[in-house]
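[1] Fold the following.
(2 chains)
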Amino acid sequence: MGRDLINLDNVYANNLGMLEKICKTVNPSIEYPDNFFDELFPKDTKKDTFFAQLAYYSEIPVGACKAKLYPKKKGDAYPKGVHIEVLAVLDQYQNNQIETKFLTYIFEECKKHHQHNVYIHVPVNSNNILDWYKDNGFESEGEPLKELFNTTEGSADGIMLKKHVD
Amino acid sequence: MSRRRVGGKPKPAGKAAAGKDHHTQFLEALKLYEGKQYKKSIKLLDTIMKKQITPDFLALKGLNHYFLGEKEEASDYIGQATSKIDGTKASAICCHLLGIYKRSVKEYNESIKWFQASLDNGSTNKQIYRDLATLQSQVGDFKTALNSRKKYWESFVGYRANWTALAIAQDINGERQQAVNTLSQFEKLAQGKISNAEMYEHNECLIYKNDIMYKAAGDNPDKLKNVLHHLDDIEPNVFDKFGLLERKASIYMKLGQTKEASLVYRTLIKRNPDDFKYYKLLEVSLGITTNNKLRKVLYEKLASFYPRCEAPKFLPLTFIHDEEELTKKLREYVLPQLKRGVPATFSNVKPLYLKRRNVVPKLLENIVTQYLSEQDSREQPIPYIWSCYFLAQHHLNLRDYQKAQEYVEKAIEHTPTMVEFYLMKARILKHTGELEKAALVLEEGRKLDLQDRFINCKGVKYYLRANQVDKAVEVASLFTKNDDSVNGVKDLHLVEASWFISEQAEAYYRIHISAQKKLDELRTQTVDSDKGDSNAEIKDLEWSVQKYKGLSLKRFYAISKFYKQFEDDKLDFHSYCMRKGTPRAYLEMLRWGERLYTQPMYVRAMNGASKIYFNLYDNSLKRKQEEGNDETVKLTENDKKKAKKEAASLTKRKNEEKKQVLSYSEEEDPDVFGEELLATKTPLQSFGDNFYQNYSKQAKDYERNHVIDFGYQYRNGKLALCLGALSKFEKKYNQKSGLFGAMAIVLLLATKESSSMDMIAKKVATKGLETDYSFLPLNEVENESFDWLNYFKENFNSLDLNALIFLKQTSLFEDARVNEMILSAISQDEPLLQNYILQYVL
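    Next comes the predicted model:
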């Protein structure tokens, strides 16, 4: 076949629904802001830069990621750099390969945009996730942030992780 | 196209009726017309006509108006012209002009009459023969068409088209030998002179000649051998190698040379190993259709020759009896597909669910359930989800909705991004009667992939099934061209999307019924209580009832118009195919045209429309009866004012709603809501003209809807034709079938003395029933206390739903009792049907 079993591809206005579906299925308790998905395809002139991809397993969309470029520092929680907002893979397809591909993609985008820092906010109590990012070279940065995440079960504290890319 | 539009060039023939000066001026006007300068032509004509008015001038003027798009003036002038003519005694030019006009307005028989008259009255314009032949072919008068083709061919022998046309006409008229001669003669003339560009035409004509020879040969061995030789001769020049080989094989079969035939079929399989037809024919030629052992060996061999092919793997599944072996073969067929994740796996084996319902489904259930249990959802996600999908379809097919739902849920839970799963989930919900939920599920799936046209269409369809017309139109409009309209309804009419229009028609019909029910309820309520409050609500509902009924009919009628359009479009091909040299395709098109009005979509629209038209007719009868006893209510001055006000607000409302339902531009068709269609004074005749006649002409006995025939003729008072429909129905089904009983009883009751039918018709029907169906209780006809429903129950299949609905619609019997019978008939059916009956039939 000559093709990988897993491939990444852009998100388009027409399959934005896939991204939304995956995000909401993987993290059913998180309440996404109203324009969280639509802002990828704004009606007015584009201001922000996003990096969004869908992952396909044998042509089935199974994973989604969305990251935002902060060209300037915006408050303590959002230093200059690329912030991963979502990195989600359907439960049955979680096998590290897809997640790693997403990270690789984001690191490459960083280089293209001359950025050196990648950030992500993770709930303090999610040890699995924390460990996984640490295995991939992320380190915690600063103090835990109070009530960072709004979920259906109330709010949760988060911690910011950072990775430096050359 | 454009050349024909301008029309042939009527040449002056002899002296026209007008005076000499006028005549030259008239010829000038004619030239202007030919040069498409219609306005100038009219101007010139006006000056001549100040002094004198002749049919010639009027006809030309009418034609000019026609091509300027002023249809009404045109028809007016043409009418004036023809009224001045005694029979067809007019100048050749005048006749020719009238012929062109009549053809343009699609009155083909009239057009033929005038073209013929032009020739009879001395026209020397040979082009008329071509136009005549075209028109005669269009109306199916091939006998006279042959003559016209011949005449035209005599005048212009230099064109191959004319030879081909002549041969086709001869062929159609059964003059096969002459047709072959005509084609051969031209071949000789053209030998060595055929350019590369003409080779395709040449090849079609060659194989067409072989077609005719084959048809003429019948079963005569010598002639067949001759055909075979001819086939060999033309082989290098024929492009359609499949057609050639198929012909060869069938000749061998007819000659009894099965060995040779089988070799040809093997060649065909080699060329296209995916065509199931060739495998079947190979079996026949080998004479092993009943020998399963040999068939199995054959397919095993073929499967090894064509390892990537479906057919040799699938076909053994249709006949292997031994369950153990069948299981093995099914596994080998189905599991690799599931492993690869072929979405159509179930569709591939679905024919077996029909043909071998007792054997295959249970085996496959075991095979796939077991296979699924062996798949790890993480390690082998693809086989896992598609096996779930397969099992959902399997259980849906067996009507185990709960299990089907379980499996599809499993699949969605595993991979919620697969659009197919939502389609399946919605389909299962549909069968359980949950139409709104089904539409919502499809919408959820649709949002995953907005550019998927298929799911878009499905979404539209499910919304329509749930009677959510506005939502459906909104979704459909995402894929249509909506230039100057608020939605895609107009575009969907333009592109003749009959799937949408029929679904919409049926949705409108259902909404109409619901509104009618509500209205009836409200009216009975208000009879008791005081009027004031609910008056507005009643008015509102009245409009809804009328609007949806009209729109439904309007949509059904739109479909009828598409098919009429197909027929009109045929016209161009009677000359086009000759020029292009595609006689085989032409004949195929003619055959298709003869079956046009029996296409499922047309029949569906007709059936839908029949409900409305029959209802209109039955209501008009009721109204006539009531008129006798009803006093006309006199309106007070106050009431009049009120009525005026209401009418004004209704008009306002209509104008607002118009945009949403517009199917054609308003200039083109002002009857937006189908009100004019509903207002017909003669609903039966309208039904005949708009739907039934065309169908009736083309439908063959084996496919006819005899119930529609009966219903139509019964209302027309043609009891003899009812009897005909009844006996045809009885021959196709039997004397115990519910519908036979229902129709027989209704016909019998129509012969009652008190029935309003014509005396002679009654006598004919009675006589017929006496001779053919003496077992019916003919003596009870006048017995008022005879229990017909009970008789029906005891003697016919009283669970036949269609029969019961038929009885209900005649309103001859006690409604509550019929309803009860209907309810018990549907008690075992799926929820979808039950709901439909409850909501829209009872």
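[2] who touches residue B:63 in this structure?
    B:7, B:33, B:74, B:78, B:97, B:100-101 (CB atoms under 8 Å, 6 or more residues apart in numbering or on different chains). Any C-beta I mention is one placed from the backbone N, CA and C, and that applies to glycine too.
[3] same thing but at 10 Å, please
    Counting by CB atoms under 10 Å, 6 or more residues apart in numbering or on different chains, residue B:63 makes contact with B:7, B:10, B:30, B:33, B:38, B:41, B:74, B:77-78, B:81, B:97-98, B:100-101, B:104.
[4] Go ahead and list the helix or strand containing it.
    For residue B:63, the host element (DSSP states H and E) is helix B:55-67.
[5] same deal with residue B:727?
    For residue B:727, the host element (DSSP H and E) is helix B:719-732.
[6] buried sites along that helix?
    By neighbour count, with 16 or more other CB atoms under 10 Å in any protein chain shown as the criterion, the buried positions of helix B:719-732 are B:719, B:721-730.
[7] so which of those residues comes closest to chain A?
    Of all the buried residues of helix B:719-732, chain A sits closest to residue B:729, with 51.3 Å by CB to the nearest CB.
[8] how close does the closest one get to residue B:464?
    Noted for residue B:729: a distance of 32 Å to residue B:464, by CB to CB, to the nearest Å.
[9] elements contacting the top helix by length along chain A?
    When chain A is parsed with DSSP state H, its longest helix is helix A:97-112. Helices and strands touching helix A:97-112, as assessed by 3 or more CB pairs under 10 Å, 6 or more residues apart in numbering or on different chains; DSSP states H and E, comprise strand A:6-10, strand A:49-57, strand A:60-70, strand A:81-89, strand A:117-123, helix A:127-135, strand A:154-164.
[10] Give the full set of residues in contact with residue B:698.
    If you count contacts by CB under 10 Å, 6+ apart, residue B:698 has them with B:593-599, B:602.
[11] how close does it get to residue B:593?
    Distance from residue B:698 to residue B:593, by CB to CB: 9 Å.
[12] which regions of the chain lie under the pLDDT threshold?
    No chain specified, so I'll use chain A. Applying pLDDT under 70 to chain A flags the ranges A:1-3, A:46.
[13] Sorry, I should have been clearer: chain B.
    B:1-20, B:527-534, B:628-636.
[14] again, only using 50
    B:1-7, B:12-18 (pLDDT under 50).
[15] what does it have sitting close to chain A?
    B:340-341, B:376-379, B:381-382, B:384-385, B:412-419, B:444-452 (CB under 10 Å from any CB of the partner chain).
[16] So which of those are in helices?
    Going by DSSP H, the helices hold B:340, B:381-382, B:384-385, B:412-414, B:419, B:444-446 from those.
[17] Distance to residue B:196 for those residues - can I get that in TSV?
    TSV is the format used below for those (distance: CB to CB, whole Å):
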residue	distance to residue B:196
B:340	46
B:381	56
B:382	51
B:384	57
B:385	54
B:412	58
B:413	62
B:414	59
B:419	49
B:444	57
B:445	52
B:446	51
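[18] Pull out the buried members of those.
    Judged by 16+ other CB under 10 Å, buried ones among those: B:381-382, B:384-385, B:412-414, B:419, B:444-446.
[19] from the residues you listed, which two are the most distant?
    B:384 and B:446 (24.7 Å; CB to CB).
[20] returning to that earlier point: show me how far the helix holding residue B:63 is from its chain's centre.
    Counting by CA atoms, centre = their mean, to the nearest Å, helix B:55-67 is centred 37 Å from the centre of its parent chain.
[21] show me the contacts for residue B:754.
    B:782, B:784.
[22] That one should be in a strand, yeah?
    No - assigned with DSSP: H, G, I helix; E, B strand; the rest coil, residue B:754 falls outside any strand and is coil.
[23] Flag every residue of chain A that's near chain B.
    Counting by CB under 10 Å from any CB, chain A sits next to chain B at A:5, A:12-22, A:24-26, A:54, A:56-64, A:90-95.
[24] which SS state does residue B:681 fall under?
    coil.
[25] Next, give phi and psi for it.
    Note on residue B:681: its backbone torsions stand at phi -80, psi -20 [degrees, to the nearest 10].
[26] ok, it - contacts?
    Here residue B:681 is in contact with B:616, B:620 (criterion: CB under 10 Å, 6+ apart).
[27] one step back: the helix holding residue B:63: what's the following helix or strand?
    With elements assigned by DSSP H and E, the helix or strand that comes after helix B:55-67 is helix B:71-84.
[28] Helix B:55-67 and that following helix, what's the angle between them?
    Put simply, helix B:71-84 runs at 160 degrees to helix B:55-67, going by axes from the mean of the first three to the mean of the last three CA atoms, to 10 degrees.
[29] Residue 95 - how many residues pack around it?
    Since you didn't name a chain, this refers to chain A. By other CB atoms under 10 Å in any protein chain shown, 13 other residues sit near residue A:95.
[30] that's the other chain; I wanted chain B
    Residues near residue B:95, counting by other CB under 10 Å: 30.
[31] Which of the contacts of residue B:63 sits closest to chain A?
    Of all the contacts of residue B:63, residue B:104 has the smallest distance to chain A: 45.8 Å, by CB to the nearest CB.
[32] What residue, apart from its backbone neighbours, is nearest the closest one spatially?
    Excluding the flanking residues, the one nearest residue B:104 by CB to CB, 6 or more residues apart in numbering or on different chains is residue B:66, at 6.0 Å.
[33] Pull the contacting residues for that neighbour.
    For residue B:66, counting by CB under 10 Å, 6+ apart, the contacting residues are B:38, B:73-75, B:77-78, B:100-101, B:104-105.
[34] Present those residues as CSV; the columns should include neighbour count.
    As requested, these are arranged in CSV below (neighbours: other CB atoms under 10 Å in any protein chain shown):
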residue, neighbour count
B:38, 20
B:73, 16
B:74, 21
B:75, 15
B:77, 25
B:78, 23
B:100, 24
B:101, 27
B:104, 17
B:105, 14
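[35] Fine, thanks again, bye for now.
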